[in-house]
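1. got a predicted structure plus its sequence, pasted below:
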Amino acid sequence: MFNRILVANRGEIAVRIIRACRELGVKTVAVYSDVDAHSLHVQLADEAICIGPAAAGDSYLKIANIISAAEVADVEAIHPGYGFLSENAHFVQICEGCNITFIGPSAENIQSMGDKSVARETMRKLGVPTVPGSKSVARTQEEALEAARIAGYPVLIKASAGGGGKGMRIAHNDVSLSQGFLMASAEAERAFGNSAVYVEKYIENARHVEIQILADHYGNVVALGERDCSIQRRHQKLLEETPCPVLDSGQRRKMIKAAKCAAESIGYRNAGTIEFLLDARGDFYFMEMNTRVQVEHPVTEVATGTDIVKEQIKIAAGQKLAFDQKQVRQQGHVIEWRVNAEDPFNNFSPSPGRIEWVHFPGGPGVRIDSHIYSGYDVCPYYDSMLAKIIVNGADREEAVSRMARALDEFMIEGVKTTVPLGQFIMRDELFRQGTYHTAFLDNLLKDDSFAANQRT
Ligand code: MV4
């Protein structure tokens with residue numbers, strides 16, 4: 001096991017990694033930008049090193065600064081968390097070149113799954129169900145039109161270097177596809193330095209269901225169940241739950257089998273998530289693979305009693321998985337709500353500022369993962385997530401009522417948050433029935449019932 005790990009991240013995930021390290025008896029080194037000097041992860045770590053100014057490009061994304069901190073602190077490993085450098089294959093190679101273990105997959109795993117059209121083609125060749133569309137990159141408008149003719153409209157044009165919905169465009173006919181192809185390519189070039197795009201049939205009324213994978217260095221792959229992440233705003237997840245309310249045991253078995261086959265076939269290592277689209281008929285299709293621990297990992301931790309971050313560290317230290325698929329048990333129903341410093345009544349505009357006072361919910365079945373405290377200054381430089389409320393109940397009904405209670409108990413003064421939206425969703429009939437899909441939140445916000453409800 002490592003003696004000392006550098007946590008190359010900030011906020012709640014940095015706190016989460018430090019907690020796992022402390023329980024493993026591993027010393028921790030925090031890195032922070034100057035505006036994060038009073039952050040919780042800096043206070044909890046055994047050592048802390050300032051790596052630059054607020055701008056992520058000059059601090060948390062600055063490979064030279066992070067590697068320098070790792071050398072000065074003499075760490076054996078780096079945990080990247082999510083975001084920042086967590087899916088940067090070049091960073092993995094530099095860590096390896098400096099004889100520092102990267103706690104995550106190999107550079108090859110990241111490279112192959114980072115190009116979404118290559119990932120899609122790899123899965124198709126493995127027999128994993130993929131959305132009908134272009135076999136690989138659509139290099140010309142003609143190739144895009146041909147793919148759309150095979151798939152049938154409407155189609156989505158997706159950026160190979162994108163992912164997470166970035167650069168995604170919908171097209172309903174040849175004219176909009178031709179124009180969309182040129183615009184999506186130009187946008188992808190601007191955003192990612194890579195203009196490659198591909199075409200997929202748009203699966204209407206789909207759900208976003210993902211499978212959590214753990215894989216050690218000895219070929220053992222275990223799936224820890226699914227997470228339904230269909231409630232998103234502009235491709236930012238807000239709510240995740242397990243089990244998926246509409247997945248039956250047969251579909252679950254097939255989805256897990258496909259995810260494990262994919263991970264085994266590419267020689268995947270460490271924690272990863274395979275995202276699927278589940279259509280209204282119950283068929284599912286590979287969407288993309290995330291080669292990092294995800295924000296929503298606690299949903300699976302609570303449902304299965306696994307510590308995913310500890311498993312990551314143990315795998316990276318060369319340990320075999322201590323359990324196999326037969327030992328994985330899912331217990332009850334788990335829901336997570338992301339509390340972001342955004343004003344849901346003002347188009348989710350960011351709401352940085354001083355947290356005058358915060359009181360977290362508690363009681364049976366409530367977990368809070370957060371880095372904030374009364375007096376903490378929420379800065380505008382990084383993502384807006386303040387806390388995750390994770391609740392579990394014996395069944396979905398209890399989990400929903402518990403989340404409603406936890407949201408009512410969550411009190412915060414000084415910044416606006418997404419708590420009121422969570423309260424509204426917990427009372428929404430479609431959500432309570434569990435029959436929502438990816439358009440749920442956009443529809444909810446469109447029909448103004450949320451804003452009207454809040455005006456009363
Ligand atoms: C799709 C899709 C339907 N059909 N692809 C890709 C990135 C991820 N964040 C969402 N993605 C989707 N890809 C095909 N072929 C539906 C989604 C999707 C979604 C799309 C629009 C608005 C909200 C969404 C929430 C989850 C999934």
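-> The structure has been received and is ready for your questions.
2. quick check: next helix or strand after the one helix or strand residue 240 maps to?
-> Assigned by DSSP states H and E, residue 240 falls within strand 236-242. Sequence-wise, the next helix or strand beyond strand 236-242 is helix 249-265, with elements assigned using DSSP H and E.
3. next up, the contacts around whichever residue of the stretch 301-450 of the chain sits closest to the ligand.
-> Residue of the stretch 301-450 of the chain nearest the ligand, by C-beta to the nearest ligand atom: residue 438 (3.5 Å). Bear in mind the C-beta positions are built from the backbone N, C-alpha and C, glycine included. Residue 438 sits next to 205-208, 230, 232 when contact means C-beta atoms under 8 Å, 6 or more residues apart in numbering.
4. kindly report the same for residue 35.
-> Residues in contact with residue 35 (C-beta under 8 Å, 6+ apart) are 53-54, 379, 381.
5. please apply the same query to residue 294.
-> With the criterion set at C-beta under 8 Å, 6+ apart, residue 294 makes contact with 82, 210, 273.
6. closest one to the ligand out of the residues you listed, please.
-> The ligand lies nearest to residue 210 out of the contacts of residue 294, by C-beta to the nearest ligand atom, at 10.1 Å.
7. can you verify the closest one is assigned to a helix?
-> No - secondary structure of residue 210 (DSSP: H, G, I helix; E, B strand; the rest coil): strand, not part of a helix.
8. so where's the protein uncertain?
-> Within the chain, the segments meeting pLDDT under 70 span 453-456.
9. change it to 80
-> Using pLDDT under 80 as the threshold, the predicted model of the chain has low-confidence ranges 163-164, 447-449, 451-456.
10. list the helices and strands the helix ranked longest in it packs on?
-> Longest helix in the chain by number of residues, with DSSP state H as the criterion: helix 174-192. Judged by 3 or more C-beta pairs under 8 Å, 6 or more residues apart in numbering; DSSP states H and E, helix 174-192 is in contact with helix 141-151, strand 155-159, strand 169-171, strand 197-201.
11. any chance of the ones you listed in TSV, with distance to the ligand and mean neighbour count too?
-> Formatted as TSV, the helices and strands packed on helix 174-192 follow (distance: least, C-beta to the nearest ligand atom, whole Å; neighbours: other C-beta atoms under 10 Å):
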stretch	distance to the ligand	mean neighbour count
helix 141-151	9	18
strand 155-159	5	27
strand 169-171	9	18
strand 197-201	4	26
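12. next, count neighbours for the closest residue to the ligand within the stretch 1-150 of the chain.
-> Shortest the stretch 1-150 of the chain-to-the ligand distance, computed as C-beta to the nearest ligand atom: residue-wise this is residue 131, at 4.3 Å. Using other C-beta atoms under 10 Å as the criterion, residue 131 is surrounded by 24 other residues.
13. hang on, isn't it packed against residue 200?
-> Yes - shown here, residue 131 and residue 200 form a contact pair, counting by C-beta atoms under 8 Å, at 4.3 Å.
14. before we move on, back to that, which of the contacts of residue 438 are buried? Put it as a ChimeraX command.
-> Selection of buried members from the contacts of residue 438 for ChimeraX, criterion 16 or more other C-beta atoms under 10 Å:
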select :206,207,208,230,232
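15. restrict the contacts of residue 438 to contacts with the ligand.
-> 206, 208, 230, 232 (C-beta under 6 Å from any ligand atom).
16. using the three-state scheme, assign residue 441.
-> Per three-state DSSP, the secondary structure class of residue 441 is helix.
17. helices of the stretch 251-400 of the chain, residue ranges please.
-> 297-304, 308-316, 396-409 (DSSP state H, counting those that start in this stretch).
18. can you tell me how far the residue nearest the centre of the chain is from residue 229?
-> Taking C-alpha atoms, centre = their mean as the criterion, residue 294 is the residue nearest the geometric centre of the chain, at 3.8 Å. As defined by C-beta to C-beta, to the nearest Å, residue 294 lies at a distance of 9 Å from residue 229.
19. overlap in contacts, the two.
-> Contact criterion C-beta under 8 Å, 6+ apart; residues shared by residue 294 and residue 229: residue 210.
20. what about residue 210, how many residues close to it?
-> 27.
21. picking that back up, could the contacts of residue 35 be laid out in JSON lines, adding distance to the ligand and neighbour count?
-> Supplementary listing: the contacts of residue 35 in JSON lines, determined by distance: C-beta to the nearest ligand atom, whole Å; neighbours: other C-beta atoms under 10 Å:
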{"residue": "53", "distance to the ligand": "31", "neighbour count": "14"}
{"residue": "54", "distance to the ligand": "28", "neighbour count": "15"}
{"residue": "379", "distance to the ligand": "26", "neighbour count": "14"}
{"residue": "381", "distance to the ligand": "24", "neighbour count": "15"}
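22. closest to residue 419 among those?
-> residue 379 (20.0 Å; C-beta to C-beta).
23. quick one, phi/psi of the closest one?
-> phi -100, psi 160 (degrees, to the nearest 10).
24. phi, psi for the residue lying closest to it once chain neighbours are set aside please.
-> For residue 379, ignoring the flanking residues on the chain, the nearest one in space by C-beta to C-beta, 6 or more residues apart in numbering is residue 35 at 4.9 Å. The main-chain torsion angles of residue 35 are listed as degrees, to the nearest 10 and equal phi -80, psi -10.
25. and residue 35, how close does it get to residue 340?
-> 18 Å.
26. again, but for residue 350
-> Taking C-beta to C-beta as the measure, residue 350 falls 9 Å from residue 340.
27. which residues are in contact with each of these two?
-> Taking C-beta under 8 Å, 6+ apart as the contact criterion, the common neighbours of residue 350 and residue 340 are residue 384.
28. who has more neighbours, those two?
-> Relative neighbour count places residue 340 above the other of residue 350 and residue 340, with 24 against 16, counting by other C-beta under 10 Å.
29. surely the more buried one and residue 420 touch.
-> No - the pair residue 340 / residue 420 is not scored as a contact, 11.7 Å apart, by C-beta under 8 Å.
30. which neighbours do the two share?
-> Taking C-beta under 8 Å, 6+ apart as the contact rule, residue 340 and residue 420 touch no residue in common.
31. for residue 135, what are its contacts?
-> Neighbouring residues of residue 135 by C-beta under 8 Å, 6+ apart: 121, 124, 147.
32. can you check residue 122 too?
-> Neighbour list for residue 122: 112, 262, 265-266 [criterion: C-beta under 8 Å, 6+ apart].
33. among those, name the buried ones.
-> Buried members of the contacts of residue 122, counted by 16+ other C-beta under 10 Å: 112, 262, 266.
34. pretty sure the first one contacts residue 266?
-> Yes - between residue 112 and residue 266 there is a contact under C-beta under 8 Å: 6.2 Å.
35. any idea how far residue 272 is from residue 65?
-> As judged by C-beta to C-beta, residue 272 and residue 65 stand 27 Å apart.
36. in terms of neighbours, single out the busier of those two.
-> In this comparison of residue 272 against residue 65, neighbours counted by other C-beta under 10 Å, the higher total goes to residue 272 at 27 against 19.
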